[in-house]
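Undergrad: after the sequence you'll find the predicted model.
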Amino acid sequence: MPGRGKNRVEHTDFLGERPVGRHVRGQPMLEINAVERRFAGSSGVQGVSLTVWPGEVTCLLGPSGCGKSTTLRMIAGIERVDAGQISIAGQVVADARTDVPPEKRPVGMVFQDLALFPHMTIAQNVGFGLPRSGRGAAQIGHLLERVGLPGHADKYPHQLSGGEQQRIALIRALATQPRVMLLDEPFSSLDQRLRVEMRELALDLLREAGAAVVLVTHDPDEAMMMADRIAIMREGRILQEGAPLDLYHRPVDLAVAGFLSELNVFSGRVLQGHVGTPIGDLPVPGVVEGTRVHAAFRPEHLAARRGTRSSGQAHVLRVLNLGRENVIELKLPGHASYLRCSAPGHSDLMPGEHVEIGFDPDKALIFPH
Ligand SMILES: Nc1ncnc2c1ncn2[C@@H]1O[C@H](COP(=O)(O)OP(=O)(O)OP(=O)(O)O)[C@@H](O)[C@H]1O
């Protein structure tokens, strides 16, 4: 499709054999066009459009109440659309005249609290919805092996750990070979280590299945890691949609920029092609003289160097040692808020020390306000 190649993310399925994603010629799997859902006293969902190709993960990211789950529920058919259209594999499943019931849509779902059926064995859970034929049984065995739980077929859900249950929920949803997979905060109840493992396993399985995936999360790291495309939502609308690194480096406004990491924000007026900030003058070529702008830096785009009492622009308030990196909180004299910058884990700056702050002007994010 012309123009689609610009943001493309190229990958193959799990076996490395079958290319998937929007760079592959073919039809989108999921098309959402200007859908709306209105609720009294809430922004609901307003004019959301998204296109997801087979094997591609689109992440809906945004604050609580921005319409992420409502969008998923409309795709699943649990919520009706008030306007707009949803198509799966070229078939309209929802619009003003059409409302295909959820069980007739080729959609799988994994929600954070979507419990397994407690009175069914693991094999019965995974096989729920599959034909009771030999092919179904072989498929269950294959899926249990793929998630490393081949010996658990006859157990019951309460005999499995939380992470194991989540793997079963994932393959139960995949067993019916849905064209579209909807994941609503599926890993948020898992501890950090398991969450990382599950994300990787889920990505492998989902790409292997070639499903179009829509993942809802609050967690920007999860979105950056898992998504081919991220749609940032607020108050029922998509503020920006694109490849993760495009959004990270070229956010359309301060709100989008702030969803993907912490920001250090300065405000000022452009004079002679520069904006003055407490950490130095920043060139802002191409911005009209006199414009008021926000200049924002991500923590990794500021560098704190040990200085002296006279050369130092700030002093170190706190050092959070995260192992591989340190997060350093800096206090600027005369400013109520503090700055955050990241430094390598071996940096030895200590609270109370005076520092000079360096930055690469090319990394500044400039927004008029
Ligand atoms: N059935 C409903 N009746 C009335 N209002 C609703 C209904 N479902 C959702 N809403 C409202 O629509 C808005 C979007 O809700 P939604 O659950 O989609 O948000 P969300 O982004 O998924 O939030 P969270 O991250 O907290 O799950 C909210 O203001 C919510 O209160």
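TA: Now that the structure is in, tell me what you want to look at.
Undergrad: which elements pack onto the helix or strand encompassing Ala296?
TA: Per DSSP states H and E, Ala296 falls inside strand 292-297. With contacts taken as 3 or more CB pairs under 8 Å, 6 or more residues apart in numbering; DSSP states H and E, strand 292-297 sits against helix 254-260, strand 264-271, strand 274-277, strand 365-368. Every C-beta, even on glycine, is put in place using the N, C-alpha and C of the backbone.
Undergrad: got the confidence number for Arg22?
TA: As predicted, Arg22 sits at a pLDDT of 61.
Undergrad: could you do Glu17 as well?
TA: Predicted confidence (pLDDT) for Glu17: 54.
Undergrad: how about low-confidence regions in the stretch 51-200 of the chain?
TA: Low-confidence segments of the stretch 51-200 of the chain (pLDDT under 70): 113-114, 131-136.
Undergrad: helices of that one, residue ranges please.
TA: All helices of the stretch 51-200 of the chain, identified by DSSP state H, counting those that start in this stretch, fall at 68-76, 122-127, 134-146, 162-175, 192-209.
Undergrad: make CSV out of those and add mean neighbour count.
TA: Output for those, formatted as CSV (neighbours: other CB atoms under 10 Å):
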stretch, mean neighbour count
helix 68-76, 22
helix 122-127, 22
helix 134-146, 15
helix 162-175, 22
helix 192-209, 18
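Undergrad: for Ala295, give its distance to the ligand.
TA: Using CB to the nearest ligand atom, to the nearest Å, Ala295 is found at 30 Å from the ligand.
Undergrad: now for that residue: which residues touch it?
TA: Ala295 sits next to 265-268, 275, 277, 282, 284, 364-366 when contact means CB atoms under 8 Å, 6 or more residues apart in numbering.
Undergrad: now the buried members of those.
TA: The neighbour-count test (16 or more other CB atoms under 10 Å) marks 265-266, 268, 275, 277, 282, 284, 364-366 as buried among the contacts of Ala295.
Undergrad: could you chop this protein up by domain?
TA: Domain ranges of the chain: 4-106+178-255, 262-368, per automatic domain parsing.
Undergrad: and of the ones you listed, who's closest to Gly129?
TA: Nearest to Gly129, of all those, is domain 4-106+178-255, at 9.0 Å by CB to CB.
Undergrad: the closest one and the ligand in contact?
TA: Yes: for domain 4-106+178-255, a contact with the ligand is found by CB under 6 Å from any ligand atom, at 39, 42, 44, 62, 64-70.
Undergrad: reformat the contacts of Ala295 as TSV; add pLDDT and distance to the ligand.
TA: As requested, the contacts of Ala295 are arranged in TSV below (pLDDT from 0 to 100; distance: CB to the nearest ligand atom, whole Å):
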residue	pLDDT	distance to the ligand
Val265	94	24
Phe266	93	30
Ser267	92	29
Gly268	93	34
Val275	93	34
Thr277	90	34
Leu282	93	35
Val284	91	34
Ala364	94	30
Leu365	95	25
Ile366	94	29
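Undergrad: out of those residues, which is nearest to Gln27?
TA: Checking the contacts of Ala295 against Gln27 by CB to CB gives Leu365 as the nearest, at 36.0 Å.
Undergrad: dihedrals phi and psi, the residue of the chain most remote from its centre?
TA: Residue farthest from the centre of the chain, counting by CA atoms, centre = their mean, is Ser310 at 43.5 Å. Here is the backbone geometry of Ser310 (degrees, to the nearest 10): phi -80, psi -40.
Undergrad: among the residues of domain 4-106+178-255 next to the ligand, which ones are buried?
TA: Applying 16+ other CB under 10 Å to the residues of domain 4-106+178-255 next to the ligand flags 44, 62, 66-70 as buried.
Undergrad: contacting residues for the closest residue in space to Ser64 that isn't next to it in sequence?
TA: With sequence-adjacent residues excluded and distances taken as CB to CB, 6 or more residues apart in numbering, Ser64 is closest to His218, at 7.4 Å. By CB under 8 Å, 6+ apart, the contact list for His218 reads 61, 63-64, 185, 188.
Undergrad: out of those residues, give me the one that has the most neighbours.
TA: Counting neighbours by other CB atoms under 10 Å, the top entry in the contacts of His218 is Leu61, with 27 neighbours.
Undergrad: name the element the closest residue to that one other than its chain neighbours belongs to?
TA: Counting by CB to CB, 6+ apart, Ala223 is the residue found nearest to Leu61 once chain neighbours are left out, at 4.6 Å. Here Ala223, judged by DSSP H and E, is contained in helix 220-226.
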